[in-house]
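Trainee: Fold the following for me, if possible:
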Amino acid sequence: TGVKKNTYNPSWGEVFVFDVEDVSAKPGPISIDVMDWDRVGDNELVGHVEIPGEWLHDVMRGTIGWEEVKDRVVRGEDKKPVVGNDRQSAVLSVKLRLLDVDEKESKIEVDDKASGPRRLEVTIVKADHLPKMDSLGTVDAYCDVQFKGQKCKTGVKKNTYNPSWGEVFVFDVEDVSAKPGPISIDVMDWD
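Mentor: Reported below is the predicted structural model:
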């Protein structure tokens, strides 16, 4: 994930997608290290969260579209819960969602009487297999996102053909009864 500075309550909203070749095989656990970034010196381990592989095996064989958001206790190297600045056990909120490998745009049930304001959340997850853009080096990719005259930009992911952002943007729509037009996403090479 990205670094969230100077906070005891970071919020990321970043999305990572993992492909599983064969759901009959046990996938093993998901391991998440929570780190404290330091400008000088080494980054420090705050704690660790592990989502058990046996349970994930059941999840992977579950119904497409299943999802769960759960607070998971962050544990230290001694396996005991890490105690936060407020003397509570530190937790990491993790959302899991089961997707089909060939997931298509879902059919939307439209309410013809809908009107008024709404918000649309757009997550720029990742890009794969980007082309070489400069004679030297790889791609320093970012995305320009536009919708209804509103513009946003992801952070730059340097030196990669497969950038991963997981950045969330929220767009306001004043009246859903009017056609909003397309969402435009340009993948750019930062120089």
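Trainee: Is the residue nearest to residue 138 when sequence neighbours are not counted within a helix or a strand, and which one?
Mentor: Closest residue to residue 138 in three dimensions, ignoring its sequence neighbours and counting by CB to CB, 6 or more residues apart in numbering: residue 159, at 4.8 Å. All C-beta atoms are positioned from the backbone trio N, CA, C, and that covers glycine. Secondary-structure assignment from DSSP states H and E places residue 159 in no helical or strand segment.
Trainee: how close does residue 159 sit to residue 141?
Mentor: As judged by CB to CB, to the nearest Å, residue 159 and residue 141 stand 10 Å apart.
Trainee: Could you check which of the two is surrounded by more residues?
Mentor: Per other CB atoms under 10 Å, whichever of residue 159 and residue 141 has more neighbours is residue 141, with 25 against 10.
Trainee: thought the more buried one was touching residue 129?
Mentor: No. Because the distance of 11.5 Å does not satisfy CB atoms under 8 Å, residue 141 is recorded as not touching residue 129.
Trainee: measure stretch 174-191 end to end?
Mentor: Start to finish, the residues bounding stretch 174-191 are 36 Å apart (CA to CA, to the nearest Å).
Trainee: before we move on, what about stretch 46-59?
Mentor: OK, stretch 46-59 end separation, CA to CA: 28 Å.
Trainee: I appreciate the help and will end here.
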